[in-house]
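Trainee: sequence and predicted structure are below.
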Amino acid sequence: MSEGKGVSRRTVVKGAVAGAAVGLAGFPFISRAQADAIRIGHLTPRTGFLGPLGEYAVQAADMAVAEINAAGGVNGRKIELLKEDSVNPQTASTKAERMVERDKVACIIGEISSAAGLTISQVAERTKTLFVNTGCNSDELRGKGCKKYMFHIESQNSMYVKTCGRALLAQGLVKGKKWYSLTADYAFGHDLLRVAKKFMAGNGGEFAADKLVPTDVTDFSPLLLEIRNAKPDLVISNLAGNQITNFLKQYSEFGLPFPVAGFGFDTAVAWGAGKGNFLGTWPLVWHHLLDNPASKKFVADFTKRYNRPPENQAWGDYNAIKLVAQAMAETKSIDSTRLVEHFEKGATFPLMKTREGYFRKADHQMMHEMYTVQAIPAAQLKNQWDIFTPSAAVPGPSESLEVIATVGDEIECKL
Amino acid sequence: MLILQHLLNGLLAGAYYLLIALGLSLIFALGGIVNLAHGAFYAIGAYLAVTIGQQLGFTGAALLSPVVVGLLGLVIERFLFRRFYKVDPALSLLLTFGLAMVAEQALRMVFGAPPLSWSIPQELRGQVIVGDFVYPRYRLLILAVAVGCVAGLWFLLQRTPFGRVVRAGVQNPDMVGALGISLEPYMAAVAFLGIGLAGLAGVMLAPIFTIHPAMGAEIITSAFVVVVIGGLGSFWGAVIAALIVGVTKGAVTAAGYPQYSEAAIYLLMLLVLLVRPRGLFGERIQRFE
């Protein structure tokens, strides 16, 4: 069949031996040099449809660690960040295990995919290692899947739905209205759809249709034809990552007249849609236009370092590292069990917002302010970054931070 | 009416697989190289469109980007593909698989992972309305470009001396050599054309799809399904298979199951291969048997 021998066995063997030698020679040197550093594992998708968000996460985590080390570290020790692409739930679990067992990390921070977040949390629970989730939204992770060693700085789906839901109620788009929803066909999307349906039913709206969209679908044209035919009062996106960019670009291409809103959102996917393609009402856990000194400093520093403003995923990983460092300093310990106790006692964190946030003891969800943003029409845009008008913080100053989260028997977590 | 719209939309959707599939099929037929990096050239075409377009506008990008991608194809052909024409196809598979990964990571390192911002130019926005039928003007333009490419390529292959040598080279390269014709420049030209077409697809689809480093990997699988259903190396096979795949996706969606539209085309491929192992129009090419 073949006359060529591209690579001889000898070459392969030589290469493998050389590789092994480099590995053996390099590794002890690294571990000796950093022996007294506190190791933190950072796991997040760097490739695939969530990869764009992962890049912000990694850059922000690097920046947080650089700032902490420049200020003298934590309890006199530097932080060393071990970063890996989590790829998929199976790989995420394997890498988490390696970080804990081999690299002896003090804790794991990161992740965006709810499916991978679940497998990492299982490793964290088994090895009694703190895991701070910075980007997985599903309620399930805070509900039936909740764990003693897992904390969530990312808001849960219920918080996103109730925050954006308030804006939709104010716009009169809920009661007696027909929704057409598109949902990412994986753990996050299914969870979000469940929460969205509950909100709809509770507020007198109805679904014209709900369609599951596989994460590898890029062409939304068949769905857009369906939507045009169904004439809904509102189109809802429960999509994720690059899906939202594809949806926005093609929705605008088809020129459909129906209002658009979403229950899951990241600023990067709207920045990537292009001029004239972003529209609708969306919820965010943080945005770069927030007007307070800490937030403005973060935006300025990040922009200086990476030549573009940070988005919400950058906020999550930056603050997760900062709050873990704060807790380590406050407890003078890097022991996960001590840190968990400290969080559960109601430690508060600044989070670059008006009110301080805290992890709720019942399910380890961060209680903090959220925002909705409204797209600015293309003609009024001043630059490529400031593409929306933000709302005031939700909940308002006189309300409990917990009103937008799961309440009463919606909290299914049993710790 | 809606069903009709879905079928038509499916036909149009077939047009963009076609731009990728034609080059894929051509390069395989002549050189025996299964080019897994073909999607990467599509991605490079899209990124170049944005880079060039910021200076020269959409038209400048549309004209220039495919040529630049084609030239890149020439370089790849000269220094990489050429060493693999006569060896086990599994080796070229490894080569192009590696190339695809290198290209994706290079795009990520140069441009970053977040999607690049790019839109349909203002003058090409809007809908074409014929009675009850409403369809975006831009997608009709993509269809026109695809039809133009099919016609041009068909003319080139069937009606010119260049095409006669290429077709003879596909069937029997040794005979072509015995007649004193060197296939090398033809191979280079085919790589330029095929890879340039992938670049053109990148330019045309950049305004309506997310521009991100892995966009090539997204489209390459569908393009392969098209080529396999049509029959590797068959020109009309690729054209007809692209339309069938597009319509199948449209029909499954119209029936209310958009979540199965991707799975449907793999099922279709399986059925076709069961009945016709060489694909619908796959010719018997002696040296691949």
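Mentor: That came in fine, so what should we check first? Residues are numbered from 1 along each chain as shown, chains lettered A, B, ... in the order given.
Trainee: is any residue of stretch B:215-232 near chain A?
Mentor: Yes - using CB under 8 Å from any CB of the partner chain, stretch B:215-232 reaches chain A at B:Glu218, B:Ile219. Quick note: C-beta positions are derived from backbone N, CA and C, even for glycine.
Trainee: show me what counts as buried in that stretch.
Mentor: B:215-220, B:222-232 (16 or more other CB atoms under 10 Å in any protein chain shown).
Trainee: alpha carbons only: can I get it in CSV?
Mentor: Provided in CSV are the C-alpha atoms of stretch B:215-232 (Å, rounded to 0.1, in the frame of the first residue of the first chain):
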residue,chain,number,x,y,z
MET,B,215,-14.3,28.1,13.1
GLY,B,216,-12.4,25.9,10.6
ALA,B,217,-13.0,22.8,12.7
GLU,B,218,-16.7,23.6,12.8
ILE,B,219,-17.2,23.6,9.0
ILE,B,220,-14.7,20.9,8.0
THR,B,221,-16.8,18.0,9.2
SER,B,222,-19.9,19.0,7.3
ALA,B,223,-17.8,19.6,4.2
PHE,B,224,-16.3,16.1,4.5
VAL,B,225,-19.8,14.6,4.8
VAL,B,226,-20.7,16.4,1.6
VAL,B,227,-17.6,15.1,-0.2
VAL,B,228,-18.1,11.6,1.0
ILE,B,229,-21.8,11.5,0.1
GLY,B,230,-21.0,12.9,-3.3
GLY,B,231,-18.0,10.6,-3.9
LEU,B,232,-14.4,11.7,-3.3
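Trainee: mean confidence score for that stretch?
Mentor: Computed over stretch B:215-232, the mean pLDDT rounds to 91.
Trainee: just how off-centre is it within its chain?
Mentor: In this view, stretch B:215-232 has its centroid 8 Å away from the chain centroid, taken as CA atoms, centre = their mean, to the nearest Å.
Trainee: ok, and what's touching stretch A:388-395?
Mentor: Contacts with stretch A:388-395, where a contact means CB atoms under 8 Å, 6 or more residues apart in numbering or on different chains, come from A:163, A:166-167, A:270, A:278, A:282, A:284, A:287, A:289-290, A:353-355, A:369-376, A:401, A:403-404.
Trainee: and chain B, which of the residues you listed contact it?
Mentor: Near chain B, taking CB under 8 Å from any CB as the test, no member of the contacts of stretch A:388-395 is found.
Trainee: name only those of the residues you listed that count as buried.
Mentor: Neighbour-count burial (16+ other CB under 10 Å) applied to the contacts of stretch A:388-395 gives A:163, A:166-167, A:270, A:278, A:282, A:284, A:287, A:289-290, A:353, A:369-373, A:375, A:401, A:404.
Trainee: so which of those residues are in helices?
Mentor: Those of the buried ones among the contacts of stretch A:388-395 mapping onto helices are A:Thr163, A:Arg166, A:Ala167, A:Ala270, per DSSP state H.
Trainee: from the residues you listed, which is closest to chain B?
Mentor: The closest of those to chain B turns out to be A:Ala270 (CB to the nearest CB; 9.3 Å).
Trainee: can you report phi and psi for residue 228?
Mentor: You didn't say which chain, so I picked chain A. Phi and psi for A:Arg228, reported as degrees, to the nearest 10, are phi -60, psi -40.
Trainee: contacts only, for it.
Mentor: Contacts for A:Arg228 (CB under 8 Å, 6+ apart) come out as A:Phe254, A:Leu256, B:Val134.
Trainee: also B:Ala113?
Mentor: Neighbouring residues of B:Ala113 by CB under 8 Å, 6+ apart: A:Arg46, A:Thr47, A:Gly51, A:Pro52, A:Gly54, A:Glu55, B:His212, B:Pro213.
Trainee: how about the residue nearest to it when sequence neighbours are not counted, secondary structure?
Mentor: Nearest non-adjacent residue to B:Ala113, counting by CB to CB, 6 or more residues apart in numbering or on different chains: A:Glu55, 3.9 Å away. For A:Glu55, the assignment made with DSSP: H, G, I helix; E, B strand; the rest coil gives helix.
Trainee: from A:Arg305, how far out is A:Glu55?
Mentor: With the distance defined as CB to CB, to the nearest Å, A:Glu55 ends up 13 Å from A:Arg305.
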